[in-house]
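Colleague: What follows is a predicted structure for the sequence shown.
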Amino acid sequence: MRPIFDIPTSTPLEELAVEIEDKNDCIVVEMRRLLKQNSTKEISPVLITILGTTVLEAIKIWFIHLRLQQFIDRPRQWNKCFSFKHPSHICDKVNICYLCGVVDNGPYQQPEKCINCNGSHNAKSRSCSYVNGQKVLELKCRNHITTGEARSIFLQKKNDKYAETVKTMPAATNFEDTINAKFDTFLNAMNDRFERQMSIFADMLQKSIDCICQNLCKIIAQCVDSSSSPVRKKKLFRNLSQMSGSIISRDAGSSKDTEDMPLG
């Protein structure tokens, strides 16, 4: 997910998606505008998600070359339920106490309990693992992994320096190499199948030519004048045999050339 800036709010997102796909030979999966803080008013930046494993550094749009920047979201805590796990516009929970995590019915009487991690602290405590959400989101953005994977890596290395944690690359993020390996396997299988089909076709073609040549020899033999000398008949059949062998060898050579021809 990358942001592009200075897109007029009057520009339909459908038109923008068509322009990006046409000029950059890519597929736009999702687009949405950013909203002004604490408001529902749309602003000019647009977040785009492009299909693929390679992150584009820049795009062309309306004859302009725009450089794409990394978008690192910020963790959002809803002041109604004090949760980091869902956005505010889909929250259907009742007001709770941020200190104990139960329904807010009056003075605080319960022991402290975090609604996010179930730890013995309130939901706004700086010691909560979910408060480190900004670092988790940065790790997610830089390494192109899910939020759950980023949080697991961050918790495993919480005693390390943050700079070292951000630079840590998970072992399972090299999707491009995996896709290339699968594509190579697919191409090899298709090449083997094509070669087998070409071999079967060459055998069938050779058998057909043999049958045609034999029938042609029989027809010509029946048409030869019975009064012709034996020497002339022998010479005629020898020429027919040489011609048949030449056709068969030429066909075999062309079949071999076809089999040796590499696929693009």
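Modeller: Looks like it arrived, so ask away. Residues are numbered from 1 along each chain as shown.

Colleague: low-scoring stretches of the stretch 1-150 of the chain, by residue?
Modeller: Residue ranges of the stretch 1-150 of the chain with pLDDT under 70: 1-2, 37-39, 52-55, 71-78, 84-91, 104-109, 129-134, 144.

Colleague: Can you show me the helices along it?
Modeller: Under the criterion DSSP state H, counting those that start in this stretch, helices of the stretch 1-150 of the chain are mapped to 13-24, 133-143, 147-156.

Colleague: avg pLDDT for the helix ranked longest in the chain?
Modeller: In the chain, taking DSSP state H as the definition, the longest helix is helix 175-223. Across helix 175-223, the average pLDDT comes to 83.

Colleague: returning to what we had before: out of the helices of the stretch 1-150 of the chain, nearest to residue 208?
Modeller: Among those, the nearest to residue 208 by C-beta to C-beta is helix 13-24 (49.3 Å). Where you see a C-beta, it was placed from the backbone N, CA and C, and this is true even at glycine.

Colleague: Quick check: buried residues in that closest one?
Modeller: Using 16 or more other C-beta atoms under 10 Å as the test for burial, helix 13-24 gives 16, 17, 19, 20.

Colleague: Grab the two from these that are most spread out in space.
Modeller: Within the buried residues of helix 13-24, 17 and 19 form the most distant pair, 7.3 Å apart (C-beta to C-beta).

Colleague: what about stretch 25-40, how long is it end to end?
Modeller: End-to-end distance for stretch 25-40, by C-alpha to C-alpha, to the nearest Å: 33 Å.

Colleague: Could I get the buried residue list for it?
Modeller: Neighbour-count burial for stretch 25-40 [16+ other C-beta under 10 Å]: 26, 28, 31, 33.

Colleague: if I read this right, the last one contacts residue 41, doesn't it?
Modeller: No: with contact defined as C-beta atoms under 8 Å, residue 33 and residue 41 do not form a contacting pair (9.8 Å).

Colleague: contacting residues around stretch 18-29?
Modeller: Contact with stretch 18-29 is made by 17, 48, 49, 50, 51, 52, 56, 59, 60, 61, 62, as judged by C-beta atoms under 8 Å, 6 or more residues apart in numbering.

Colleague: Format those as CSV; extra columns: distance to residue 98.
Modeller: Listed next are the contacts of stretch 18-29 as CSV, based on distance: C-beta to C-beta, whole Å:
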residue, distance to residue 98
17, 41
48, 36
49, 33
50, 39
51, 40
52, 41
56, 41
59, 42
60, 48
61, 44
62, 47
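
Colleague: By neighbours, which of those residues wins?
Modeller: Highest neighbour count within the contacts of stretch 18-29: residue 48, with 23 neighbours (other C-beta atoms under 10 Å).

Colleague: That residue is in contact with residue 31, isn't it?
Modeller: Yes: assessed by C-beta under 8 Å, residue 48 is found in contact with residue 31 at 5.2 Å.
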